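K.L.:
Predicted model follows, preceded by the sequence.
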Amino acid sequence: MAIGSRFVVASIEARMTSTRLPGKVLLPCLGRPMLELMIERVKRSRYLDAIVIATTTNGADDPIVKLAEKLGVAYFRGSEFDVAGRVTSAMEQAKADVVVQLTSDCPLIDPQIIDRYVRFYAANEFDHVSNVIVRSYPDGLDVQIASLPILRRCYALCESDKDREHLFYPVRRNVDKIKTFHLIAPPELWWPQWRWTLDTPQDYELICRIYESLYPKNPAFLSKDIADFMLRHVDVTI
């Protein structure tokens, strides 16, 4: 379902050289790579016209490219450390009008949240909308949305390597130049202390447990289903 005539593209940043959990994006869960499970969820979005995996030119990331080719998903290879430049170039190549930024350490991303945010972005006149800067959702449901020109502007405003390691980082200190809106979780998902992100062995264990418990009954399980699971299993919330 299109948003007017605008071409909406999701960028998924992915690389194998994570320091705390190397190779995390392709760790197995239910016999499949985590990134594959995430892409399956992202594809359920009604408003995305395309998905691009923004990976690096490092040979260690060749398996990510092979997975993208297997799944029929576009990919772009760029700088390993200049993430902002990599994603900007990927979105230019994809000819995106609207950029939906996702990261591969969010394998529980919710397609309904993506769609809700795309609708909000399309119906308003903000340069950038995000649930990342002001935290209210569980960590791991991260979504940021902007136009390609705003993405380019953010890149031009980068002043340091730290800025370039993240997408939209300059938004935080350029509120006069980039009109942003902070999206807040509904009450049933207001759990900013919960980690649904993939960054440590403990995260991996929890995410696998969630998938193993919910996916067989309902492959399209949503954030509210995960929250219900967490509340039923107090041991995973400690």
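P.N.:
On my side now, so go ahead.

K.L.:
in the chain, which spans are helices?
P.N.:
In order along the chain, the chain carries the following helices (DSSP state H): 34-42, 62-71, 83-94, 111-123, 148-156, 161-164, 201-214, 223-232.

K.L.:
ok now the first one, how far from the chain's centre?
P.N.:
Spelled out, it's helix 34-42. If you compare the mean C-alpha spot of helix 34-42 with that of the full chain, they lie 11 Å apart, counting by Cα atoms, centre = their mean, to the nearest Å.

K.L.:
Just tell me which of the helices of the chain ends up closest to Leu102.
P.N.:
The stretch from these with the least distance to Leu102 (Cβ to Cβ) is helix 34-42; that distance is 6.7 Å. The C-beta positions use only the backbone N, C-alpha and C, and glycine is treated the same way.

K.L.:
For the closest one, name the packing helices and strands.
P.N.:
The contact analysis (3 or more Cβ pairs under 8 Å, 6 or more residues apart in numbering; DSSP states H and E) places helix 34-42 against strand 8-13, strand 50-56, helix 62-71, helix 111-123.

K.L.:
Check what pLDDT Thr237 gets.
P.N.:
If you check Thr237, the pLDDT there is 64.

K.L.:
which ones are touching the closest residue to Ile150 other than its chain neighbours?
P.N.:
Beyond its immediate neighbours in the sequence, the residue positioned closest to Ile150 (Cβ to Cβ, 6 or more residues apart in numbering) is Asp127, lying 4.7 Å away. The neighbourhood of Asp127, defined by Cβ atoms under 8 Å, 6 or more residues apart in numbering, consists of 146-147, 150, 178-180.

K.L.:
could you redo the last one with a cut-off of 7 Å?
P.N.:
Taking Cβ atoms under 7 Å, 6 or more residues apart in numbering, we find Asp127 in contact with 146, 150, 178-180.

K.L.:
coming back round to it: now tabulate the helices and strands packed on helix 34-42 in a markdown table and tack on mean pLDDT, distance to Arg77 and mean neighbour count.
P.N.:
Listed next are the helices and strands packed on helix 34-42 as a markdown table, based on pLDDT from 0 to 100; distance: least, Cβ to Cβ, whole Å; neighbours: other Cβ atoms under 10 Å:
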| stretch | mean pLDDT | distance to Arg77 | mean neighbour count |
| --- | --- | --- | --- |
| strand 8-13 | 98 | 12 | 25 |
| strand 50-56 | 98 | 6 | 24 |
| helix 62-71 | 98 | 7 | 16 |
| helix 111-123 | 97 | 24 | 18 |
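
K.L.:
Gly23 is nearest to which of those?
P.N.:
With Cβ to Cβ as the measure, helix 62-71 is the member of these nearest Gly23 (8.4 Å).

K.L.:
Can you name every helix or strand that that closest one contacts?
P.N.:
helix 34-42, strand 50-56 (3 or more Cβ pairs under 7 Å, 6 or more residues apart in numbering; DSSP states H and E).
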